[in-house]
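**Student:** here are the coordinates; sequence isn't available:
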């Protein structure tokens with residue numbers, strides 16, 4: 001399958017020249033802006049998840065840039081797309097976004113083939129002088145999400161104390177890190193609560209299978225099967241299936257029960273509005289009570305800005321400020337490179353209480369100062 005591309009049009013500079021006989025306006029040759037390629041794997045942008053969060057960074061750049069957007073069918077197509085772009089040697093930066101299994105190996109292979117081409121990799125760390133990277137401490141933010149889920153599941157007598165987890169691809173290290181941190185957060189909170197029950201973790205086995213995600217979520221909420229109160233859903237583009245299951249669960253089982261809503265915690269972007277009646281209206285209350293949000297948008301902005309101003313540094317982690325010197329210095333809670341989406345802006349206070357908000361704030365500080373240690 002061939003890759004699709006979109007290019008932002010160049011701008012025309014208008015110059016006014018004044019002479020002794022009057023003023024004349026004429027057009028110069030077209031100004032050719034800096035050219036940045038952005039490469040992702042299908043479904044690419046519009047997944048309401050990681051790629052869309054990173055895409056926001058393209059719009060933060062202050063100067064005019066021509067973006068060459070490519071969506072590859074799979075990793076093989078992505079590698080050939082990157083090689084084709086690098087061969088032309090007319091892009092200032094080739095930016096790759098994703099955490100798919102094997103994607104890092106592709107970036108390393110192509111970056112070694114074209115040592116004079118600058119690359120940016122949002123989703124993994126590559127120790128090469130021509131690759132800028134961005135990684136995030138997902139386990140820190142997901143610990144907070146797990147603790148919140150535990151409290152949310154038992155806060156009201158009409159909630160069951162049951163928490164479910166649905167992941168996209170088990171072999172994805174980012175998904176594994178998020179789920180591990182989430183489980184640690186539940187365990188920590190449950191030392192006090194002692195009431196949380198955890199369903200077996202399920203996987204969609206795809207980054208883009210909303211129908212499977214819908215089925216898994218409905219089974220978890222079904223009182224005769226899982227009877228969950230909260231589901232953690234790092235499922236990438238399959239999140240729309242989770243939304244469909246929310247609606248079904250509410251209409252079928254929860255609509256007549258006070259404080260028995262199909263709560264979800266999202267991941268990899270601010271997905272709270274997907275729990276609203278109208279997903280185009282970005283205000284609450286939302287059944288998707290919060291999300292793990294890596295600031296991949298800021299990492300993209302920093303990579304592009306550094307490239308355009310001649311400050312590009314390979315073998316650096318652009319998810320942290322100042323730039324980290326290795327993969328252990330990526331975006332974390334301490335440098336605000338990752339965190340939970342605002343718990344107050346969207347939420348009904350009878351769902352996410354002040355006690356829960358304060359708990360997540362306290363746990364955040366405890367992780368930063370080392371009072372809570374994570375694996």
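**Tutor:** Nice, thanks for sending it over. Just so it is clear, the structure is predicted and the values come from calculations on it, not from any experiment.

**Student:** Going along the chain, name the strands of the stretch 1-150 of the chain.
**Tutor:** For the stretch 1-150 of the chain, the strands defined by DSSP state E, counting those that start in this stretch cover 4-7, 14-19, 22-27, 34-41, 65-72, 93-97, 119-122, 131-134.

**Student:** Could you tell me the least trusted of the ones you listed?
**Tutor:** Looking at the strands of the stretch 1-150 of the chain, the lowest mean pLDDT belongs to strand 14-19 (a mean of 31).

**Student:** Poorly predicted segments of the stretch 251-375 of the chain, please.
**Tutor:** Residues of the stretch 251-375 of the chain that meet the criterion pLDDT under 70 lie in 326-328.

**Student:** make that the stretch 1-150 of the chain, sorry
**Tutor:** Checking the stretch 1-150 of the chain against pLDDT under 70 turns up 1-32.

**Student:** same thing but 50
**Tutor:** For the stretch 1-150 of the chain, applying pLDDT under 50 flags the ranges 1-30.

**Student:** need the longest helix for this structure.
**Tutor:** In the chain, assigned by DSSP state H, the helix with the most residues is helix 173-193.

**Student:** What lies in contact with that helix?
**Tutor:** 99, 101, 123, 138-151, 154, 163, 165, 167-170, 196, 198, 201, 232, 234, 267-268, 292, 359, 363, 372, 374-375 (Cβ atoms under 8 Å, 6 or more residues apart in numbering). Glycine gets a C-beta too; all of them are placed from N, C-alpha and C.

**Student:** Filter those down to the buried ones and hand me the PyMOL line.
**Tutor:** Selection of buried members from the contacts of helix 173-193 for PyMOL, criterion 16 or more other Cβ atoms under 10 Å:
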select buried, resi 99+123+138+139+140+141+142+143+144+145+146+147+148+149+150+151+154+163+165+167+168+169+196+198+232+234+267+268+292+359+363+372
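
**Student:** returning to what we had before: the longest helix of the chain: what's the following helix or strand?
**Tutor:** strand 197-198 (DSSP states H and E).

**Student:** which residue packs closest to residue 266, ignoring adjacent ones?
**Tutor:** residue 291 (3.7 Å; Cβ to Cβ, 6 or more residues apart in numbering).

**Student:** Next: residue 317.
**Tutor:** Leaving aside its sequence neighbours, residue 317 sits nearest to residue 324 (Cβ to Cβ, 6+ apart; 3.6 Å).
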